[in-house]
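Peer 1: Here is the input, now give the coordinates:
(2 chains)
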Amino acid sequence: AQSVTQLDSQVPVFEEAPVELRCNYSSSVSVYLFWYVQYPNQGLQLLLKYLSGSTLVKGINGFEAEFNKSQTSFHLRKPSVHISDTAEYFCAVPTMDTGRRALTFGSGTRLQVQP
Amino acid sequence: NAGVTQTPKFQVLKTGQSMTLQCAQDMNHNSMYWYRQDPGMGLRLIYYSASEGTTDKGEVPNGYNVSRLNKREFSLRLESAAPSQTSVYFCASSGGQTPKLNTEAFFGQGTRLTVV
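Peer 2: Numbers count the residues shown, from 1 in each chain, chains lettered A, B, ... in the order given. This next block holds a predicted model:
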């Protein structure tokens, strides 16, 4: 079964510093990968996705992620974070048992941007 | 644009009580989902409905039932609530006929449920 591992539960960073949130996946089939963001007391919203093509994917709010097949990784990056980026970030893959309709999520990484 | 609407937003239940969480989407999506979110565990799928008239179990279905009332609405019922069901519940929907399109999900704001 496909799964994702988010290696860091919390990442503190100062405003305007760069950040990388790590995600590794396991899969024996074609890979689709997603990053979702959850702001405090809200639902999740799609940040970016990799389906095929270019391995560098750009998303909303200046975030980007790079699909690395050899390292089975899909790390999320932003060159300069803002206070408003404080949120929880989830990496996800389609769930094979559901015909790839539902998603299997990682445990999440809480990004804390400090002034 | 309402998107996915969940009710209620907050609920406190006593052990053994029952309740139904409501979810409706206005995006004409085929598939709908119920997830629960617990600290350090991400979101886990409870049940899903690939299309109107069908429902299937997800990773953690025990203690829950669902109804896909029509294309818009997908409800989650707790027949006899237990403290282990204290969680934040999210409804989501996705559209499209192919897996690529179908896996971009739109989420509701969540229901924070406490069972005492």
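Peer 1: Geometric centre of chain B: which residue is closest?
Peer 2: B:W34 (2.4 Å; CA atoms, centre = their mean).
Peer 1: Just list the residues touching it, thanks.
Peer 2: B:21, B:23, B:45-48, B:58, B:64, B:66, B:74, B:76, B:89-92 (CB atoms under 8 Å, 6 or more residues apart in numbering or on different chains). All C-beta atoms are positioned from the backbone trio N, CA, C, and that covers glycine.
Peer 1: Filter those down to the buried ones, ChimeraX style.
Peer 2: A single ChimeraX command is used to select the members of the contacts of B:W34 judged buried by 16 or more other CB atoms under 10 Å in any protein chain shown:
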select /B:21,23,45,46,47,48,58,64,66,74,76,89,90,91,92
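Peer 1: Might one say that B:G58 is in contact with B:Y47?
Peer 2: Yes: in this structure, B:G58 is within contact of B:Y47 by CB atoms under 8 Å, at 5.5 Å.
Peer 1: Name the residues of stretch A:81-98 that are buried.
Peer 2: Residues of stretch A:81-98 classed as buried: A:81, A:85-95, A:97-98 (neighbour count, 16+ other CB under 10 Å).
Peer 1: Would you mark the buried spots in stretch B:78-87?
Peer 2: Going by neighbour count (16+ other CB under 10 Å), the buried part of stretch B:78-87 is B:L78, B:A81, B:Q85, B:T86, B:S87.
Peer 1: can you pull the contacts of residue 47?
Peer 2: You didn't say which chain, so I picked chain A. In this structure, A:L47 makes contact with A:F34, A:W35, A:Y36, A:V37, A:G59, A:I60, A:N61, A:F63, A:L76, A:Y89, judged by CB under 8 Å, 6+ apart.
Peer 1: I was after chain B.
Peer 2: Applying CB under 8 Å, 6+ apart to B:Y47 gives the contacts B:Y33, B:W34, B:T55, B:D56, B:K57, B:G58, B:P61, B:Y64, B:V66, B:L76.
Peer 1: got it, and A:E64?
Peer 2: Each residue near A:E64 by CB under 8 Å, 6+ apart is listed here: A:L48, A:L56, A:V57, A:K58, A:L76, A:R77, A:K78.
Peer 1: for B:K71, same thing?
Peer 2: B:N28, B:H29, B:N30, B:E52.
Peer 1: any idea which of those residues is closest to chain A?
Peer 2: Closest approach to chain A among the contacts of B:K71 (CB to the nearest CB): B:N30, at 8.8 Å.
Peer 1: just checking, the closest one touches B:G95?
Peer 2: Yes: at 5.9 Å, B:N30 counts as touching B:G95 under the criterion of CB under 8 Å.
Peer 1: mind listing the strands for the chain?
Peer 2: If you meant another chain, say so; for now it's chain A. Ranges of strands within chain A are A:3-5, A:10-14, A:19-21, A:24-26, A:33-38, A:44-50, A:56-58, A:64-68, A:73-78, A:87-94, A:103-105, A:109-114, based on DSSP state E.
Peer 1: um, chain B though
Peer 2: Counting by DSSP E, chain B has strands at residues B:4-7, B:10-13, B:19-25, B:31-37, B:43-49, B:56-57, B:64-68, B:74-78, B:87-94, B:106-107, B:111-115.
Peer 1: so what does the first one touch, helix or strand wise?
Peer 2: By that I understand strand B:4-7. Under the contact criterion of 3 or more CB pairs under 8 Å, 6 or more residues apart in numbering or on different chains; DSSP states H and E, strand B:4-7 touches strand B:19-25, strand B:87-94.
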